Structure formats: C-alpha cells, structure tokens
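Novice: structure for the following, please:
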Amino acid sequence: MRIRTIKINKWRHFENIAVALDNTAPLICIVGANGTGKSHLLELIAACAHRLGLSPGIEIPRGDPFADPHDFFLQFYLAEAVSDAIDRGLSSNPVFGLWDRTLTIRSCNIPDNVVERIEAGGVTDERHSAQFASVVVETLRRSKDVHFLSLDADRSYPKRNLNINEVAQAYEIDWSTLEYTRGRSFKTSTTLYDEWIKYFLAQENQSGTHLIQGIRRAQKEGLPPPAFNDHFAEYAASLLKVLPHLLFTGVDSKKRTLLFDTTGLELSFNQLSGGEREIAFLVGQIDRFGLRQGIFLIDEPELHLNADLIRTWVGYLTGTVSAGQIWLATHSLEAVEAAGQHATFILERNERTRKVDSIARLDSRPVLSALSRAVGTPAFSISQLRFIFIEGEESVGERERFRKLTNVPQNVRFMECGSCNEVVRRVSTIKGLANEARTEIRIGGVVDQDFRCRAEVEELARAHGIFVLPVHEVENIFLHPQTLSFLLRQNGLENVSSTDLILGAADARAGSWIFQHAMSTTSAKALPEIQSPVKDRAKSLSWTNLSADVPNAILQIVRLSGYGACEQKTLEQILTVSVQLYASKREAPDLWKICEGKQVLNGIARAVGFADKPALISAVFALWQRDSTQVPEEVTALRSYVSAL
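Specialist: Numbers count the residues shown, from 1 in each chain. Below you'll find the model as predicted:
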C-alpha cells in the first residue's frame, strides 16, 4: 500500500496544497519549520488508513481530522501480492478486472457541502466504483495482516517496574491474535512501550513452555526432541544491522527486563544509552507487528539519535517495508539525505496569511538544499533558530562551552568550523545562499582576538557581522581575576593573588607569546617559512630567561633561522618589538586578556585549588550561574551579540 496523491484544499492551517508521489518511492520525508504541520499530515494519513480498513482505529491527541472543517482527497495504491484476501478473494468480482488498484478518499465538511466517499480507480461507473471500493475496504478490515503502523513523537523510555500480577496477565495473553497485532498497530507510542516488555516476557515464557512440553512428548514417544526455534532471532538480527555492537541475548524473567550484550558486557534495557533504547524499541515494534507491505508513519525519527545513527536507522528502514511506504515527519538533515531530495517535501507557511499553502520537493529548491547542507540542519526549519559559527573542532567541545558561556536557549546552535578564515567563509557563504533563497536566517560568527588590531576587529564586524572576542582566546575568559579571587577564597586560599598566578603562568610562556605575536605582524609575513628549531627555541624561553639578556636571547633565535643578513635583521627587529610589548603588558591589569589562555589556564588550575582545567572551568560556570554579578563584561558583550542576532 502506497500513497500516490494528497490534495488539501482546506484543513486546519493547510490551504491549497497538493503532493504527487512517485509510485516507486518507499520512503517519504515531510520537513518544515515548527508549526507547519508535519505531524498533522501524518495524522491525516492515519485517519484515512482507518477508513480504508488498514487499521481498526485511530488514537490522535488532536482528534479525528474528519471531524474538523475540511476539504481534501487522498489516493492510495494497493500493489499486487500485498493482500491475498484482495487478490484471490475478489478476483471473481466482475469489477475487479476494471480496477486500477487505487482507492481514493474524497471528503468535504464545510457549510452547505458535506460529503465523504471512497472510490475505486479505473471503474467509470460511480455507483459501481463506490460499491467495489466498499468491498475492498471491508476485505482489508477483516484481514489478519498488519498493513499499518504508527509511532508518534511522544517516545520516552522510563524504567518500568512490572508487578507480578501484570506479568501473570501478560503470560495469559495470546499476543498473535488480531487484538494484539492489528488491534495495537495504531496505538500511541506510550501504550506500545508499556506493552513491549510484557510482550517479550510472555513470548519467552510461552515459547519455553511449549518447547519443554514438546521435549517431554518426544521422550515419551521415543522420538527426537524438537529443535529450538528462537522466536527473537529476527529481532536480534535486525538490531545488529542498525547497532552492530548491540546483541540481544534474551529475557531476564526474574528482573522482568530485556538483556543485551555490548562487546562482552551484559546490560539490561534500562542500562542502554538513550539512542540504543530508541533503536531497540523501534526495531522491536517492526518485529512485533511484522509490517512489510503497508504504511509506516514515524514522527521525528531522529529522537535520541546522533547524526551517524540517524543515517543508519533511516537506511535500515528503507529495506523493511518492501511493498509499502514509510513516512517520516522530521527536522533531521540526515534523514533527508537518506530519503533523497526527490522524496522530501517541504511545508512552508505564508507569512501574510499564516496558512501553509506551499509544499514542494526539495530537489526543486536547489538553493534551499545547499543552504541546508551549509548550516548542517534543514533550512526549512531555521526560521526560529540562530546559527553561530565558532573557531575550533567539534571533538574539543567548543559548542558546549559557548552554550554555557552565553546561557542561551536551545534555538541557538553553535557550530565549530576550524579556523577564523573558515568562520568568515561560512558566514559569508550562508548569508549569500539565504538571500538567494529568500530565506530569513539569523547567523553570526565568533572568533578569537588573537593579535588583531582594532581596525581588523572593526572590519570583521562591519563586513561580516562577526563578533571578535575581547580576549586573546575563549579560555582567557576563565582567567578573569575577580572570578579567580572568589574561587581562591572559596577554596581557603585567601593569601594567594590571582594576578600573581596569572603573571607567573604567563611569564613561563613568555617566549611562546612573543614569537607568535612577532609572526602575526605584517613584516613577518614577508619572511621565508620559519623552521621548527626556531619555533622550538623561542617557545622554550620563559621571561626569566629572556629578561636576563634580551639581545642575546633574540640573537640565538635569529641565528637558528638560516636567513640571510637582511632577513635576519627583520626577524631581529620584530622579535625585539614583541619583547618590548610583552614587557609593557605583563604588569598591566589586562594581562589576563592577552596572554595564552589555554596554557595559562592549564598552569594555574591546581594552584587555584582544582584538579585540572575542566574542573576549574566548571567551577567558574557554577559561580556565574549562582551569582550573575560575578559575570565579567567580556562575557556580557558576547551574550549581547548572540541575543541581538
């Protein structure tokens, strides 16, 4: 069963939208900003599936779509070999040969026009078309096969403590009957989760009982014992396709839970990670209901999953429903990539009327597609988001650090993209794409000050809207002297000076700071590439080493360069200027802003009373969260920039 056409003239906040689908598309993604109606569309499909006999009921929190004022029609295609009851049971019907295997629901519920009918395609006589459609629907309704499964976005997996009475009741249920197969396929995710563990416990108990009974009969009759047939083998195999490290090992009847093996470590279902629980449950529903030739609706398939797992999960889904169709309502770019742009439809709201009156295939919107890839999330859901590109690598955890620094809501997304130049490039490119796509997007960038002069800082802000941190690098923010002084007192170190700690750690790295400053100058850019021995020698010098004999220290560095006389002179001059600058800065109140933040922070963490740098940073965040008056103005400036985007 697959949907061919959806046309909504009027329903809820939809108006004049139409979708024509490729018969061969097994996976459809519906995307759009929050509030555009992705979940509503799945609810409409669920309501139509009920009226076509694919499911015995509907459970929709917002109510039956057919009870709302509406005017819509949907066309479904029932392929051959999907239902023996249809192919064999109705083949003798004289209308069967005319039928093109489509069923169309046309329904209208507006003043002076109330109509609902189901038609069989290919049958030109309206009366015969309606009569035969009714026969098909009734046949599907009586079918034992599951042709419909829906999983809403209200999926959570709290620890479920089953009492002995619930387990005993579960053991008495025949889970293979229609009441617990077709009769549950439309239920809410909460209900399905509540039944899932019971289903496994009962299946394990009943199968074990039958096996033991069979063995006893065989022994009594002198026959070979029956072979063990693992009723969860298909579930275990399917789970391994999505999570190769997670092996389902069975059921613990005493503790009333499922057991899994993760690389030799046995864990219960409750001990799995959030993503593992999500996949274990979702795969379990496909296994329980055995849906292979029907319509499968999943709202927000990306719940609890990281990007790589979303790709694997959605890729697995495409092979599960052989003659059916999977519908995903999603914000996930990875789900869209797995479905393909030709099978992804964007819902868009008319800002003037507030109605959703546009739905288009993503491959018809190439600029929007490029924008989606550029921001790393679907551009069709970015109107309420703010994207801020920052220096650094994802593995370092910069985005989480900036989130805590700025204290922003979830609609602000920080994304690491390497160097300062890459931040500038990404911001400029995406703003250009957004303008071309006529899509409003709030985007910004944050870079370290490093050794930039005021003119460079102002130019980045003017030309690109990029915020330059008012400190050397983000770690310098945690060197705020007043904050460190508070933490020192908190840790019983009242006699230790925060400024002295910073000065000592900065002086130990003086040669490194001086060398990097020298290399950032315009004169240095004209020099040949500096060799490693030069860098190593310069960075090894503390202020004590340098200040004892500055000319000699510089001369040793210059001689290692291998430069000619003229170039050696240039190098000597820029190093001398950088030494003089450090000498003037080391006693200044703003040393904490301009020193090497990462290294100085590493150097003072233990002296402030913490095990390491991460512990110190956590303490700083906790203090600022507890007492906002301690937040330095440099952090306030960053927060103001983010809020103003």
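
Novice: all contacts plus neighbour counts: C-alpha atoms, from now on.
Specialist: OK.

Novice: what about Tyr193, which SS state?
Specialist: The three-state assignment at Tyr193 reads helix, by DSSP: H, G, I helix; E, B strand; the rest coil.

Novice: what's around it, how many residues?
Specialist: By other C-alpha atoms under 10 Å, 20 other residues sit near Tyr193.

Novice: any idea how far Leu501 is from it?
Specialist: Distance of Tyr193 to Leu501, given as C-alpha to C-alpha, to the nearest Å: 56 Å.

Novice: same check, this time on Glu80
Specialist: 79 Å.

Novice: what lies in contact with the strand or helix carrying Gly275?
Specialist: Assigned by DSSP states H and E, Gly275 belongs to helix 274-289. By C-alpha atoms under 8 Å, 6 or more residues apart in numbering, the residues outside helix 274-289 that reach it are 146, 149, 157, 181-182, 185, 192-193, 196, 234-235, 238-239, 242-243, 269-270, 303-306, 313.

Novice: also stretch 178-186?
Specialist: Under C-alpha under 8 Å, 6+ apart, the answer for stretch 178-186 is 46, 55-59, 144-150, 174-175, 192, 288-289.

Novice: low pLDDT regions in the chain?
Specialist: 322, 366-385, 394-396, 410-411, 433, 436-440 (pLDDT under 70).

Novice: walk me through the domains of it.
Specialist: Following automatic domain parsing, one gets these domains for the chain: 2-147+320-362, 164-176+187-274+281-290, 385-468, 476-644.

Novice: Leu297 is nearest to which of the ones you listed?
Specialist: With C-alpha to C-alpha, the closest approach to Leu297 among those belongs to domain 2-147+320-362: 4.9 Å.

Novice: distance between the ends of the closest one?
Specialist: Distance between the boundary residues of domain 2-147+320-362 (C-alpha to C-alpha) amounts to 20 Å.

Novice: report the distance from that domain to the chain centre.
Specialist: Chain-centre distance of domain 2-147+320-362: 28 Å, with C-alpha atoms, centre = their mean, to the nearest Å.

Novice: higher neighbour count, Glu80 and Leu501?
Specialist: Shown here are Glu80 and Leu501; by other C-alpha under 10 Å, Leu501 has more neighbours (21 against 12).

Novice: what helix or strand is that one located in?
Specialist: Counting by DSSP H and E, the element that carries Leu501 is helix 498-508.

Novice: just the buried residues of that helix, please?
Specialist: Buried residues in helix 498-508, counting neighbours by 16 or more other C-alpha atoms under 10 Å, are found at 498-499, 501-508.

Novice: swap in stretch 423-431?
Specialist: Within stretch 423-431, the residues scored as buried using 16+ other C-alpha under 10 Å are 423-424, 426-428, 430-431.

Novice: redo these as TSV? Include secondary structure.
Specialist: Below are the buried residues of stretch 423-431 laid out as TSV (three-state DSSP):
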residue	secondary structure
Val423	helix
Val424	helix
Arg426	helix
Val427	helix
Ser428	helix
Ile430	helix
Lys431	helix
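
Novice: JSON lines for the domains of the chain, including distance to Leu297?
Specialist: As requested, the domains of the chain are arranged in JSON lines below (distance: least, C-alpha to C-alpha, whole Å):
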{"stretch": "domain 2-147+320-362", "distance to Leu297": "5"}
{"stretch": "domain 164-176+187-274+281-290", "distance to Leu297": "11"}
{"stretch": "domain 385-468", "distance to Leu297": "26"}
{"stretch": "domain 476-644", "distance to Leu297": "37"}
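
Novice: contacting residues around stretch 580-593?
Specialist: Applying C-alpha under 8 Å, 6+ apart, the contact partners of stretch 580-593 are 470-472, 476-477, 479-481, 502-503, 506-507, 510, 514.

Novice: before we move on, back to that, out of the contacts of helix 274-289, name the ones that lie in helices.
Specialist: 192-193, 196, 234-235, 238-239, 242, 313 (DSSP state H).

Novice: top of those residues by neighbour count?
Specialist: Among those, the one with the most neighbours (other C-alpha under 10 Å) is Leu239, at 25 neighbours.

Novice: tell me where the stretch 251-400 of the chain has helices.
Specialist: For the stretch 251-400 of the chain, the helices defined by DSSP state H, counting those that start in this stretch occupy 274-289, 307-317, 333-339, 366-375, 398-406.

Novice: okay, the angle between the first one and helix 307-317?
Specialist: Going by axes from the mean of the first three to the mean of the last three C-alpha atoms, to 10 degrees, helix 274-289 is angled at 10 degrees with respect to helix 307-317.

Novice: returning to what we had before: CA-only coordinates of the helix or strand that the helix holding Leu501 is followed by in CSV, if you can.
Specialist: Per DSSP H and E, helix 498-508 leads on to helix 510-519 as the next helix or strand towards the C-terminus. In CSV, the C-alpha atoms belonging to helix 510-519 read as follows (Å, rounded to 0.1, in the frame of the first residue of the first chain):
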residue,chain,number,x,y,z
ALA,A,510,56.6,34.4,27.5
GLY,A,511,58.8,33.1,24.7
SER,A,512,55.8,31.4,23.0
TRP,A,513,53.6,34.6,23.2
ILE,A,514,56.4,36.8,21.9
PHE,A,515,57.2,34.5,19.0
GLN,A,516,53.5,34.2,18.0
HIS,A,517,53.0,37.9,18.2
ALA,A,518,56.1,38.6,16.1
MET,A,519,54.8,36.1,13.4
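
Novice: buried sites along helix 510-519?
Specialist: Buried residues in helix 510-519, counted by 16+ other C-alpha under 10 Å: 510-519.

Novice: kindly report the same for stretch 274-285.
Specialist: 275-285.

Novice: list just the nearest of the residues you listed to Ser640.
Specialist: Nearest to Ser640 among those is Gly275, at 35.0 Å by C-alpha to C-alpha.

Novice: state the distance from that closest one to Phe281.
Specialist: Note on Gly275: its distance to Phe281, by C-alpha to C-alpha, is 10 Å.

Novice: and if you look at Thr312?
Specialist: 15 Å.

Novice: which residue packs closest to Gly57, ignoring adjacent ones?
Specialist: His50 (5.7 Å; C-alpha to C-alpha, 6 or more residues apart in numbering).

Novice: which other helices and strands contact the helix or strand hosting the one you found?
Specialist: Secondary structure from DSSP H and E places His50 in helix 38-51. If contacts are counted by 3 or more C-alpha pairs under 8 Å, 6 or more residues apart in numbering; DSSP states H and E, helix 38-51 sits against strand 27-32, strand 295-299, strand 325-329.

Novice: what pairs with the longest one, parallel or antiparallel?
Specialist: Within its sheet, strand 27-32 is paired with strand 325-329 (parallel), strand 344-349 (parallel), according to DSSP bridges.

Novice: could I have the CA atoms of the first one written out in PDB?
Specialist: Read it as strand 325-329. Provided in PDB are the C-alpha atoms of strand 325-329 (Å, rounded to 0.1, in the frame of the first residue of the first chain):
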ATOM      1  CA  GLN A 325       5.700   3.200   2.200                       C
ATOM      2  CA  ILE A 326       7.400   4.900   5.200                       C
ATOM      3  CA  TRP A 327       6.500   8.500   6.100                       C
ATOM      4  CA  LEU A 328       8.900  10.500   8.300                       C
ATOM      5  CA  ALA A 329       8.000  13.900   9.800                       C
END
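
Novice: how many neighbours does Gly319 have?
Specialist: Gly319: 12 neighbours (other C-alpha under 10 Å).

Novice: tell me how far it lies from Ala25.
Specialist: Counting by C-alpha to C-alpha, the gap from Gly319 to Ala25 is 12 Å.

Novice: do the same with Asn9
Specialist: 24 Å.

Novice: looking at these two, which one has more neighbours?
Specialist: Neighbour count, other C-alpha under 10 Å: between Asn9 and Ala25, Ala25 has more, with 19 against 16.

Novice: contacting residues around the more buried one?
Specialist: By C-alpha under 8 Å, 6+ apart, the neighbours of Ala25 are 325, 343.

Novice: perfect, that will be all.
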